[in-house]
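Novice: Here is my input, please return the structure:
(chains A and B)
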Amino acid sequence: MTVSTAVFYLIALITVGSAAMVAFSRNIIYSAFSLLGTFMGVAGIYIFLGADFVAAVQVLIYVGGILVLILFAVMLTHRITDVEVTNRAAGRIPALIIIGVLVYLLIATIKVTPWVRAKEVVYAATTATIGDLFLYTYLLPFELASLVLLGALIGAVVLSRKEIKE
Amino acid sequence: MSPNELSSYLIIGAILFSLGLFTVLTRRNAISVLMGVELILNSANINYVAFSHFSSGNADGQIYAIFVIMLAAAEAAVGLAIVLAIFQLFHTIDVEAAETLKE
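Specialist: Here you go, the predicted structure:
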């Protein structure tokens, strides 16, 4: 087993283990912090897949943005002084059965399907390629994305401000 | 399982998807449900980037992954704003408590 294989196993273990913590932990603070491990693990997987730019975006937006937002929401919607931070779960056994069957079927399908392989797998810096694609082929979705973000920004402000009742 | 096989990445994606679906199905806390949605989006992204790397050989899949990340950011902002609004109205974020649309 080479070093890169060992690192790959470690990253896969961190990703799946933290995701399991998110799914099964009884404390929502633990769930929120376990999400950090999942996001960093997924960024590591992107690096293994030669997607350096996507890995950087993942760290910047997920770890730096979404995770902080989730932690803020957790802190704002619970009384911090309360020891018991509930994260109630219901119907675990039926859900566990469904998920078990689903993951078995998915892995069995992945194993038997003859996936198309590219002629050669290249590892190269992707930032320039992605920039070109965004400004030529995907220009319209790129501009629409900025509109979506503007709409989300305004929507979030409108929804979360305190309503002043006359 | 090895880092040079497509299927190992797809299996990680499948497990992440299942755990995210489990979170969405069982949690009664609205923020936890949003965390499950983030897990599902991450698993979809792993599949996009894995297919882009092993099957197509060009960067189109990475573009889609970046779009998904961007929409996840927008979804998290609006979703958590809705959660805060529900908390101000009902003083709980249990999704079962918020089944009516008015006070």
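
Novice: dump the residue contacts of B:Ile82.
Specialist: The contact partners of B:Ile82, taken as C-beta atoms under 8 Å, 6 or more residues apart in numbering or on different chains, are A:Leu159. C-betas here are computed from N, CA, C, even on glycine.

Novice: Can you verify it is assigned to a helix?
Specialist: Yes - judged by DSSP: H, G, I helix; E, B strand; the rest coil, B:Ile82 forms part of a helix.

Novice: Could you tell me the model confidence score at residue 103?
Specialist: By default, I'm working from chain A. Looking at A:Val103, its pLDDT is 93.

Novice: I was after chain B.
Specialist: 59.

Novice: cool, B:Ile12 as well?
Specialist: In this prediction B:Ile12 is given a pLDDT of 94.

Novice: For residue 65, grab the count of nearby residues.
Specialist: No chain in the question, so chain A it is. By other C-beta atoms under 10 Å in any protein chain shown, 15 other residues sit near A:Gly65.

Novice: ah, no, chain B please
Specialist: Close neighbours of B:Ala65, defined as other C-beta under 10 Å, add up to 28.

Novice: contacting residues around it?
Specialist: A:Ala51, A:Val54, B:Asn45, B:Tyr48, B:Val49, B:Ser52.

Novice: wait, the second one sits on B:Ile66?
Specialist: Yes - the pair A:Val54 and B:Ile66 qualifies as a contact (C-beta atoms under 8 Å) at a distance of 6.3 Å.

Novice: measure the residue nearest the centre of chain A to A:Ala125 for me?
Specialist: For chain A, the residue nearest the mean C-alpha position is A:Phe39 (5.3 Å; C-alpha atoms, centre = their mean). From A:Phe39 over to A:Ala125 the distance is 23 Å, taken as C-beta to C-beta, to the nearest Å.
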